[in-house]
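Asker: here's my sequence, what's the structure:
(one chain, ligands or ions: 1)
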Amino acid sequence: MAHEPAAAAGIASVDDLRRLARARLPGPVWDYVTGGAGEERTVRANRDAFRRLTLLPRVLVDVAARDPRTTVLGTGVAAPVGIAPTSYQSLAHPDGELATARAAGSRGLLDVVSVFSSVSLEDVAGAATGPLWFQLYCLRDRGVTRELVQRAAAAGYRALVLGVDLPVIGYRDRDIRNRFQLPPSVAPVNLPADVAPGGSVLDELNRALVDPALTWRDVEWIREISPLPLVVKGIVAADDADRAARIGADAVLVSNHGGRQLDGAPASITALPDVVSAVADRCEVYLDSGVRRGTDVLAAVARGARMAFVGRPVMWGLAAGGEDGVRAALDLYLTELDLAMAVCGCPDVPSIGPHLLGPTDPPG
Ligand code: FNR
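Answerer: Got it, this is the predicted structure:
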């Protein structure tokens with residue numbers, strides 16, 4: 001799918017890109033990218049919950065000119081959809097995070113780069129033409145954690161997205177079954193070799209890096225040492241969101257990690273309204289997990305999210321066609337969102353609100 005728009009390549013939806021990716025990726029990589037924890041109930045719930053939402057369109061509003069632009073933490077972006085951090089993007093395409101950053105920049109969209117990127121955070125910043133945020137876990141080695149914060153700030157990342165939902169790596173049946181390992185060409189290059197010891201078995205790598213003893217005090221420590229605005233990622237409970245707001249987070253990202261951590265966690269879109277009420281405008285609220293259509297972005301914004309992030313679809317786009325594939329994924333969201341805004345009677349983002357939420361069908 002080189003250099004042709006998605007529609008010209010016969011791609012109508014993110015699901016079409018998913019099918020292309022599945023055909024191209026080795027089985028264990030496909031499973032790592034697409035799978036989730038346990039029986040994948042939460043992976044399915046993330047989609048099912050969006051499917052149960054309905055939207056009540058308003059007619060006869062002048063939508064001849066539509067403006068999907070918005071701001072996040074003061075940064076202007078082309079639309080309220082952004083790229084969630086996903087690790088080791090070179091698993092999907094050799095250009096990895098460079099391709100993603102270029103595609104995001106070409107569409108004026110926000111890209112969040114994972115601490116476990118397979119291209120150094122400085123090289124990604126060098127390739128980017130749009131805004132970048134850096135996603136960090138507070139690692140066992142606090143010295144390395146501090147250095148990563150400083151490097152991200154020095155490289156021009158505009159916010160720090162602290163993942164708080166990974167005290168341990170989730171129980172992922174597929175990866176266990178596959179004994180999933182990183183290929184020799186893919187590594188956590190942001191980390192010094194002695195902190196990320198040679199092992200390429202992902203589970204071992206994560207156990208060496210990730211700290212299960214983290215508490216809110218560590219979030220406060222990050223807040224203190226970081227010159228960047230702080231986004232707390234991986235919250236689903238309203239009381240946790242309240243705590244994050246109280247310690248001065250600039251935003252919370254409602255996320256169940258795409259169903260990869262706790263099987264049985266509620267869908268993010270289901271958890272969102274209680275978080276929005278708990279935060280009560282003290283900070284911005286975003287959402288990820290299961291956002292696959294422009295109408296999902298619109299529904300998330302109508303439910304109170306300032307931005308919806310997408311994870312797997314970017315990996316599928318990368319696998320399907322590198323930078324062009326990611327652009328195809330982003331264009332699907334942009335086109336679908338634009339048309340959804342038009343048929344809902346929303347000429348701009350501020351006009352998207354709870355009045356659009358229709359009756360919700362019972363689960364079934
Ligand atoms: C992730 N996610 C993730 N999150 C994070 O904070 N740091 C990371 O390194 C990763 N790595 C990662 C790898 C892969 C392959 C996936 C699929 C996901 C979670 C990610 O940021 C996001 O929360 C979910 O992907 C959102 O759900 P969807 O859009 O994939 O359904």
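Asker: I'd say Cys344 and Arg58 touch.
Answerer: Yes: if you go by Cβ atoms under 8 Å, Cys344 and Arg58 touch, sitting 6.5 Å apart. The C-beta positions use only the backbone N, C-alpha and C, and glycine is treated the same way.
Asker: these two - which one has more neighbours?
Answerer: Legend: neighbour count by other Cβ atoms under 10 Å for Cys344 and Arg58, higher for Cys344 (21 against 14).
Asker: from Ile11, how far out is that one?
Answerer: Distance, Cys344 to Ile11, using Cβ to Cβ, to the nearest Å: 24 Å.
Asker: which residues are in contact with both of Cys344 and Arg58?
Answerer: Leu356 (Cβ atoms under 8 Å, 6 or more residues apart in numbering).
Asker: got the contact list for Ile225?
Answerer: So Ile225 contacts 146, 149 (Cβ under 8 Å, 6+ apart).
Asker: repeat that for 10 Å
Answerer: Residues in contact with Ile225 (Cβ atoms under 10 Å, 6 or more residues apart in numbering) are 142, 145-146, 149-150, 160.
Asker: those in helices, which ones?
Answerer: 142, 145-146, 149-150 (DSSP state H).
Asker: show me which pair in those residues is furthest apart.
Answerer: Of all pairs drawn from the ones in helices among the contacts of Ile225, the greatest distance, 12.7 Å, lies between Arg142 and Gln150 (Cβ to Cβ).
Asker: shaky segments in the protein?
Answerer: Segments of the chain classed as low confidence (criterion: pLDDT under 70) are 1-5, 7-8, 197-200, 361-364.
Asker: in it, which residue sits closest to the ligand?
Answerer: Gly311 (2.1 Å; Cβ to the nearest ligand atom).
Asker: for that residue, which non-adjacent residue is closest in space?
Answerer: Ala84 (4.0 Å; Cβ to Cβ, 6 or more residues apart in numbering).
Asker: isn't that neighbour right next to Ser114, touching?
Answerer: Yes: counting by Cβ atoms under 10 Å, Ser114 is a contact partner of Ala84 at 8.9 Å.
Asker: hey, what's in contact with both of the two?
Answerer: 135, 161, 311.
Asker: distance from stretch 172-187 to the middle of the chain?
Answerer: On the basis of Cα atoms, centre = their mean, to the nearest Å, stretch 172-187 sits 21 Å off its chain's mean C-alpha point.
Asker: alpha carbons of it, in CSV - could you do that?
Answerer: Provided in CSV are the C-alpha atoms of stretch 172-187 (Å, rounded to 0.1, in the frame of the first residue of the first chain):
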residue,chain,number,x,y,z
ARG,A,172,-1.1,-12.8,28.7
ASP,A,173,-1.9,-16.3,27.6
ARG,A,174,-0.8,-16.0,24.0
ASP,A,175,2.7,-14.7,24.9
ILE,A,176,3.1,-17.4,27.5
ARG,A,177,2.1,-20.1,25.0
ASN,A,178,4.4,-18.7,22.4
ARG,A,179,7.2,-18.1,24.9
PHE,A,180,7.4,-14.7,23.2
GLN,A,181,10.8,-13.2,22.7
LEU,A,182,12.1,-10.1,21.0
PRO,A,183,14.0,-10.8,17.9
PRO,A,184,17.7,-9.8,18.0
SER,A,185,17.0,-6.7,15.9
VAL,A,186,14.5,-5.2,18.5
ALA,A,187,15.6,-4.0,21.9
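Asker: what about it and the ligand, touching?
Answerer: No: judged by Cβ under 6 Å from any ligand atom, stretch 172-187 and the ligand are separated, with a smallest distance of 10.3 Å.
Asker: I am finished for the moment; much appreciated.
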